[in-house]
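[1] Need coordinates for the below:
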Amino acid sequence: MPTNIEFTIAAIGAACMLAACVLMIPAAIISLFKIIEADRYFGVGRLGGERLALKGLPFSLGRMAQYGLVLMFSNTSFIQKRYATELEKIAASSPPKNLTRLLIWLYGTWFLLGVATFLFGSLLLAMS
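    Sure, this is the predicted structure:
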């Protein structure tokens, strides 16, 4: 018989999974059309390279999520140390605000919800 704590963890994990699945549909569709524009502004330094030649769905979705996470956590000391030159080049190219918001709110959130789903599932398995 599951306890209230296990039920709560399962409910939160299910909610995160549902939200991640709902966000994945527009994220996958939009990434096919916006990847060229995103690569032009954000595909610099370690964020670019030969990966920019890969344009299919898993590659573009992964790059868009990485761009969104780097932008989302750009104020942290870890990201500022690791991607200092890339963040300067991105700021110099002055990307459109709508693209920046799209990367942060759609792709960054989608990736973090997916990670949260796995964490809650792992915690539920560890409690069993």
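[2] Next, please give the residue ranges for the helices of this structure.
    Secondary structure of the chain by DSSP state H: the helices cover 4-42, 57-72, 77-82, 84-93, 97-102, 109-127.
[3] Can you pull out the residues in contact with the fourth one?
    To tie it back to what came earlier, the one meant is helix 84-93. Applying C-beta atoms under 8 Å, 6 or more residues apart in numbering, the contact partners of helix 84-93 are Arg40, Tyr41, Phe42, Val44, Gly45, Arg46, Leu47, Val70, Ser74, Ile79, Gln80. (Glycine included, C-beta is placed from N, CA and C.)
[4] List the buried residues of that helix.
    Glu86, Leu87, Lys89, Ile90 (16 or more other C-beta atoms under 10 Å).
[5] still on that earlier bit, ranking the helices of the chain by mean neighbour count, which comes first?
    Among the helices of the chain, helix 57-72 has the highest mean neighbour count (mean count of other C-beta atoms under 10 Å), at a mean of 20.
[6] quick one: it to chain centroid distance?
    Taking C-alpha atoms, centre = their mean, to the nearest Å, one finds helix 57-72 lying 5 Å from the centre of the chain it belongs to.
[7] Stretch 46-54 now?
    17 Å.
[8] can you check stretch 110-127 too?
    With C-alpha atoms, centre = their mean, you get 15 Å for stretch 110-127.
[9] ok, residues contacting it?
    In contact with stretch 110-127 (C-beta under 8 Å, 6+ apart) are residues 5-6, 9-10, 12-13, 16-17, 19-20, 23-24, 27, 65, 68-69.
[10] average pLDDT across that stretch?
    On average, the pLDDT along stretch 110-127 is 93.
[11] CA atoms of that stretch as CSV?
    Output of stretch 110-127 as CSV, limited to C-alpha atoms (Å, rounded to 0.1, in the frame of the first residue of the first chain):
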residue,chain,number,x,y,z
TRP,A,110,11.1,21.4,-21.4
PHE,A,111,14.5,20.0,-20.6
LEU,A,112,14.3,20.8,-16.9
LEU,A,113,10.8,19.2,-16.6
GLY,A,114,12.2,16.1,-18.3
VAL,A,115,15.1,15.9,-15.8
ALA,A,116,12.6,16.5,-12.9
THR,A,117,10.5,13.6,-14.2
PHE,A,118,13.5,11.2,-14.1
LEU,A,119,14.5,12.5,-10.6
PHE,A,120,11.1,11.9,-9.1
GLY,A,121,10.9,8.5,-10.8
SER,A,122,14.3,7.6,-9.4
LEU,A,123,13.3,8.8,-6.0
LEU,A,124,10.1,6.7,-6.1
LEU,A,125,12.1,3.6,-7.1
ALA,A,126,14.6,4.2,-4.4
MET,A,127,11.8,4.4,-1.8
